[in-house]
Structures are given as structure tokens and as C-alpha cells.
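1. okay, here's the prediction I keep looking at, along with the sequence it came from:
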Amino acid sequence: MMFWRILWSVIWFGGIGVFTALSLLILIYGYRDLVDLFKTLKKQHEQSKNGSE
Amino acid sequence: MEALDKIAIHTNFGLIDYAIVAIFLVVSTALGVYATRYIKNMDDYVVAGRGVQTYIGIASMIAAEMGLVTVMYSAQMGFANGFSAFAIAALSAIAGFIVGCTGFIVVPLRKLCVMTIPEFYEKRFTRGVRILGAIILAGSGILNMGMFLKVDSMFITSVMGMNSDWQLKIAMSVILLLVLLYTMLGGMMSVVLTDYMQFVVMAISLIAVSVLLMGIFGWTGLMNNVYQIKGDAGFNPLLTSNGMGPSYLVWMLFLGFIGACVWQTSVMRATSAADTNVVRRTYAWGAVGFLIRFLIPYFWGICALVFVFQTPALKAIFLPPGGASSTLQLRAMPVALSRLVPAGAIGILTAGMLAAAMSTYNTYLHTWSAVITQDVIAPLSRTNLSSNTRILLARIIMCFVAVFLLVWGLWYPLGEKLWDYMAVTGAIYFTGAFATLVGGIYWKRASTAGAYAAFTCGFFMLMGLKPVQEIFKVNWPSQNVGLSVTAAAIVAMILFSLLFPNKKEVPQ
């Protein structure tokens, strides 16, 4: 029984710790990715518009 | 249910909580509508111009895969099985991590630049396989989603203290309409943008409520209480006495792989990714999401179990001699949280769970409408449909899917065994699709006949439904049916491919 108690404790505290860290990374770098995505799309649209003219 | 209604009236949900929820809904919808300006063609609409980078991809994947319906069913699992349920979360994370490290199925799909899985079927097999695969995929997916509103509504009712049926129906209809509005207009761009915001709200809510519950119960206290209530079965997942056991765990591991690399809503993240490195990173880090989407709700369910056990009025309802019904078990977690979480925090919790629900609705609405447009209507159409026509078609189909959800999930009275229904409707598609995808990608001799045979085997998953089993007077555990049908689909793919090979060899 001790094995399972230790295993679930490790998974719980490890999991919640990694998730908290990942959430912080996503909060910061996810915003940067979003801005990049908008820029990329805008660029693609301008290129296709220029190409069709 | 009358006794439960009286208990649900007493909730900590107050005016400040209503304000938090209202602000969240307005901001979410405004962001979704804002994304519309970036939609110029079908690529933008379906796969966000294939410009999604790692972090936003992870946020979108976790937000989409962690629906409120997942929270509800997982909490029920924690309530019923205690810490043993943690094994499922661990297996799901292992499966996601392996997919991320190896790129199993998802990387070849991204390399082929397909938007949807059925599109691959046409490239590898024939147009007929694409259309059949798309019909089964969309059909099973929409039926699967039909349950979401019903189960999600149980959470909202219990936490907000709503007691009348019509209040609940109107609230959920409004949420669905808001999601429909921005998803219909902005497609994948709206999905990605709102998923980011919804991920942030959801993560804050999940972590804050978990820390709060840890403070209330204490880790050692929880473990001791679960041992007192459940004994060894509350910790050891290999014991069959709690409905789990080795075959159940194998089935869960398989479902973990399916959830990561065969289910279209997850695969959409791979097909939207900027390149194959982003795909691998998204899945490897997304494994944390696959772990958490089960782990935290299991923990909440365990806390609910201990709280109910310590509260005589609740114990009489949720832990009666002989056991409570499945529906009652589903309500245990939200009822317990409505009493444990203080005013203000409960608003953040509800906003977080609404975020979970909305991010799943938008992904599913978008995915199934895209599949029907791209893989059923477009291949059947004799003319080459323009981007604008396809976007218009996807929007119209999305409206129909939303109407179906309202009618089927909320207004139509369904049976109580919802989990069985969901697992089986999903498995009708993915048992056949797994064999077809693996064969199609990794086996040169996989043929069209093999693909049709594998898809046909999937229909045997109907035998996993209890009403069907009652007709045939059998009682088979769903995991045994699932594993058998999966094995049958793989055998059928191999056998029929060898017996009826393709006349023209397909390049790998």
C-alpha cells in the first residue's frame, strides 16, 4: 500500500508543479505566439493580394 | 432528486461571482469575433493558415481537450475509485508523451499537409474511403458531443444554485449561441484566440481551487480518509473489485493514444502547426495537459468523497447503503465545491469551468463542420467549390450541429448511462480509424478493401452499449468489447489488404 501512496503523491505534486510552470510559460510565450500568428497571416494576405494584382 | 434540490439551494455563489462570469463571457465572445478580420480563405478558416506555434498550440490543445464534461466524468471517477483513478491520468500522459517523442501518426499527417484525417484517406486510399471515414467520424463525433450540454448543465445548476429546469436550459443555450457566433465567423482563428484566453482562466481556476482544497483537507488527511472509506481499492488500480483492473488499464492506455493521435479535434492541432517540430513539441508538452485534465478533476472528486463522508446530510444522499446512482455521483463534486469554495473564488471556478466548456464546444463545432464540408460535401460535389462557398457551407453546418446539440443534449430526455454512450459512440469511429491510419501510414500493402473492412468492424462497438447487450442477453465490460473490436479491426485490415490488394501501388 505504501508503494501506491508514494506513487500517487509523486504524480500529484509533480503534475501540479509542472502544470503551474507550463501555465506560466504559456501565459507569457503564448501571447507572443498569438502576435506572431496575426503578423504571419497579415503578411500572407498582403502577399497574395499583391500577387493577384 | 427533491432532497438534492434542497441541498443545492445553499451555495456560496453570490453577486460578485455573477459579475466575474458575465465579464468572462463578454470578453471571450468579443475576442472570438475580433479574430474574424484575419479570415480570408479556407486555410485560414480550417487550420489558421498553418501558422500556429508551440505555446499557443499547447494552450489550444489543453483547453480543447479539457472540457467541463471531462471534469464532471473524471470527478465522478475520483469519487467512485479514489486515488486508483490517478493511474488513468498517468497512462494518458504517457501516451501523449510517446506520441510527442515519436511523432506517431501526427507527424506523417502534418507532412502530407492534410487539413483533416479523411483527407488522408483519399490521398492514401480512395475518395470512397474518405467519404465513408468522414461520415463515421462526424456522425460519432456529433453524437458524442450531444451529451456535453446535458452533463455541463449539471455542474452549472449545482454550483450556481439554479433549481428550475428552464433557467438551466436558457443559460446553456445562451452560452452555446455565444460560442456559435464567434466560431462560425472566425473559424480556427477564433478557436485559437479564445482558447488562449480560456486556457489562462481555466488554469488559474484549476490551480487555485486545488490549492484551496489541499488547505482544507490536507494531503495526508485525504489519504487516510480515502483508506477508511474505500480500503485498498481506493489506491490499487490493479484490483478488479473497484471496476478497474489490468484489462481496464490497457483499454485506458489505448484510449490515451487515441485521444492524442486519432481523434480529429486533437489532430487538428497537428495539422494547424507551423511545422513538424512544433507538432512534436506541442504533443510532448501537451502530455502535461493530458495528465492534468484527469488528475485535477479526480482530486476534486476525491475531496468531494471525503466531504460527503464527513457530512451526514450529504452522506445519506450520495453514499447510501447499496451505492448512489451514476447521476447522483456526477453531482457530488459540484455540490461539494459549492459549499467548500468561498464567494468570489466560486465565480472564478465557474468562469474557469465555463472556459473549459466553451473551448471544447468551439473546437468540436469547428471540427465537425470542417470535416462535413471538406470531406463529404466537397468530394461529392461535381464542381470545384471556392473557398468562400466552403466557408459558407461550414458556417451553415455549424448552425445545424448547434441546433442538434440543443435538441439532443438539453431538450430531449436522454437515459442516465451517459459515459457508456459517449465511450461507445467515440469508439465506433476510432477503432476502425486506428487500424486504417496505422495501416495507411506505416504499411505499404494496406489496401482500400482493408480500410473498408476496418471501418466496418467499428460498428461492433455498439455491443458495448448496455441496452444492446440487454437485447442479446450478455454482460460484457466495455473495455473487453473495445479491445476485442480494436483487435478485430487490425486483423480485418491485414487480412483484407492481403486478399484484395490495391491494383495501383501507393507511394509511402
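-> Right, received. Where do you want to start?
2. chain B contacts on chain A?
-> Residues of chain A lying close to chain B (Cβ under 8 Å from any Cβ of the partner chain) are A:1, A:4-5, A:7-9, A:11-12, A:15-16, A:18-20, A:22-23, A:25-27, A:29-34, A:36-38, A:40-42, A:44-45, A:48. The C-beta positions use only the backbone N, C-alpha and C, and glycine is treated the same way.
3. PyMOL command for the buried members of these?
-> A single PyMOL command selects the buried members of the residues of chain A next to chain B (16 or more other Cβ atoms under 10 Å in any protein chain shown):
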select buried, chain A and resi 4+8+11+12+15+16+18+19+20+22+23+26+27+29+30+33+34+37+38+40+41+44+45
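4. so which of the residues of chain A next to chain B belong to strands?
-> Using DSSP state E, no member of these sits in strands.
5. quick one: residues contacting the residue nearest to B:F104 when sequence neighbours are not counted.
-> In space, B:F104 comes closest to B:C261 once its chain neighbours are excluded; the distance is 5.8 Å by Cβ to Cβ, 6 or more residues apart in numbering or on different chains. If you count contacts by Cβ atoms under 8 Å, 6 or more residues apart in numbering or on different chains, B:C261 has them with B:V99, B:F104, B:I105, B:V106, B:V267, B:Y283, B:L437.
6. do B:L483 as well
-> Counting by Cβ under 8 Å, 6+ apart, the residues that B:L483 touches are B:S247, B:V250, B:W251, B:F254.
7. and it, what element?
-> Assigned by DSSP states H and E, B:L483 falls within helix B:478-499.
8. for that helix, which residues meet the burial criterion?
-> So for helix B:478-499, counting by 16+ other Cβ under 10 Å, buried means B:478-479, B:481-486, B:488-490, B:492-494, B:496-497.
9. just stretch B:295-312 next, same as before
-> Buried residues in stretch B:295-312, counted by 16+ other Cβ under 10 Å: B:295-309.
10. sorry, back to before: any idea of the pLDDT on the residue nearest to B:F104?
-> pLDDT for B:C261: 86.
11. sorry, back to before: from the residues of chain A next to chain B, which ones fall inside helices?
-> A:4-5, A:7-9, A:11-12, A:15-16, A:18-20, A:22-23, A:25-27, A:29-34, A:36-38, A:40-42, A:44-45, A:48 (DSSP state H).
12. show me where the stretch 1-150 of chain B has strands.
-> With DSSP state E, counting those that start in this stretch, there are no strands along the stretch 1-150 of chain B.
13. nope, the stretch 251-400 of chain B is what I meant
-> Under DSSP E, counting those that start in this stretch, the stretch 251-400 of chain B gives no strands.
14. for chain A, what's the nearest residue on it?
-> Proximity to chain A, evaluated over the stretch 251-400 of chain B using Cβ to the nearest Cβ, is greatest for B:I292 at 4.6 Å.
15. residues in the stretch 251-400 of chain B within reach of chain A, list them.
-> B:W285, B:V288, B:G289, B:L291, B:I292, B:L295, B:I296, B:F299.
16. nearest to B:L68, of these?
-> Checking those against B:L68 by Cβ to Cβ gives B:I296 as the nearest, at 12.6 Å.
17. once you drop chain neighbours, what's closest to the closest one?
-> In space, not counting the residues next to it along the chain, B:I296 is nearest to B:L206; the distance is 5.0 Å by Cβ to Cβ, 6+ apart.
18. can you list the domains in chain B?
-> With domains defined by automatic domain parsing, chain B comprises B:2-416, B:418-508.
19. count the neighbours of the spatially closest residue to B:A233 that is not a sequence neighbour for me.
-> Among residues not flanking B:A233 along the chain, B:N242 sits closest, at 4.0 Å (Cβ to Cβ, 6+ apart). Applying other Cβ atoms under 10 Å in any protein chain shown, we find 21 residues neighbouring B:N242.
20. and B:N242, how far from chain A?
-> Distance of B:N242 to chain A, given as Cβ to the nearest Cβ, to the nearest Å: 13 Å.
21. which pLDDT value belongs to that residue?
-> Note for B:N242: predicted pLDDT of 75.
22. and for A:I11?
-> A:I11 carries a pLDDT score of 96 in this model.
23. my guess is B:G103 meets B:R280, correct?
-> Yes. If you go by Cβ atoms under 8 Å, B:G103 and B:R280 touch, sitting 5.5 Å apart.
24. sketch out the low-pLDDT regions of chain B for me.
-> Applying pLDDT under 70 to chain B flags the ranges B:1-10, B:42, B:45-49, B:163-164, B:168, B:326, B:410-420, B:504-508.
25. spatially central residue in it, please.
-> B:E65 (5.1 Å; Cα atoms, centre = their mean).
26. in a strand, that's where B:V474 is, yeah?
-> No. Counting by DSSP: H, G, I helix; E, B strand; the rest coil, B:V474 is not found in a strand; it is coil.
27. distance of it from chain A?
-> 33 Å.
28. from B:W263, how far off is that residue?
-> Going from B:V474 to B:W263 by Cβ to Cβ, to the nearest Å gives 28 Å.
29. compare neighbour counts for these two and give me the winner.
-> Per other Cβ under 10 Å, whichever of B:V474 and B:W263 has more neighbours is B:W263, with 22 against 10.
30. for the residue nearest to that one when sequence neighbours are not counted, list the residues it contacts.
-> Excluding the flanking residues, the one nearest B:W263 by Cβ to Cβ, 6+ apart is B:F430, at 6.5 Å. Each residue near B:F430 by Cβ under 8 Å, 6+ apart is listed here: B:I258, B:V262, B:W263, B:G458.
31. try 10 Å
-> B:136-137, B:140-141, B:254-255, B:257-259, B:262-264, B:437, B:458, B:461, B:482, B:486, B:489 (Cβ atoms under 10 Å, 6 or more residues apart in numbering or on different chains).
32. that one and B:V26, how far apart?
-> 37 Å.
33. taking the contacts of B:C261 together, which two end up most distant?
-> B:Y283 and B:L437 (15.4 Å).
34. residue closest to the middle of chain A?
-> A:I26 (4.3 Å).
35. could you check the pLDDT of that residue?
-> 89.
36. from memory it sits against B:I56, does it?
-> Yes. If you go by Cβ atoms under 10 Å, A:I26 and B:I56 touch, sitting 7.9 Å apart.
37. so who does residue 34 touch?
-> Because you didn't say which chain, this covers chain A. So A:L34 contacts B:A35, B:V52, B:Q53, B:Y55, B:I56, B:A59, B:V192, B:L193, B:Y196, B:M197 (Cβ under 10 Å, 6+ apart).
38. if you could check chain B rather than the one you did, that'd help
-> B:Y182, B:L185, B:G186, B:M189, B:S190, B:L193, B:T194.
39. which of those sits closest to chain A?
-> Of all these, chain A sits closest to B:L193, with 6.7 Å by Cβ to the nearest Cβ.
40. need phi/psi at the closest one.
-> phi -60, psi -50 (degrees, to the nearest 10).
41. then B:V262?
-> According to degrees, to the nearest 10, B:V262 has phi -120, psi -30.
42. what do you get for B:S447?
-> According to degrees, to the nearest 10, B:S447 has phi -120, psi 170.
43. ditto for B:N236
-> phi -100, psi 110.
44. now it, nearest residue through space, not along the chain?
-> A:W4 (5.5 Å).
45. B:K169 against B:V407, yeah?
-> No. With contact defined as Cβ under 10 Å, B:K169 does not reach B:V407; the gap is 11.2 Å.
46. the more surrounded of those two?
-> Taking neighbours as other Cβ under 10 Å, B:K169 and B:V407 compare with B:K169 leading, 15 against 11.
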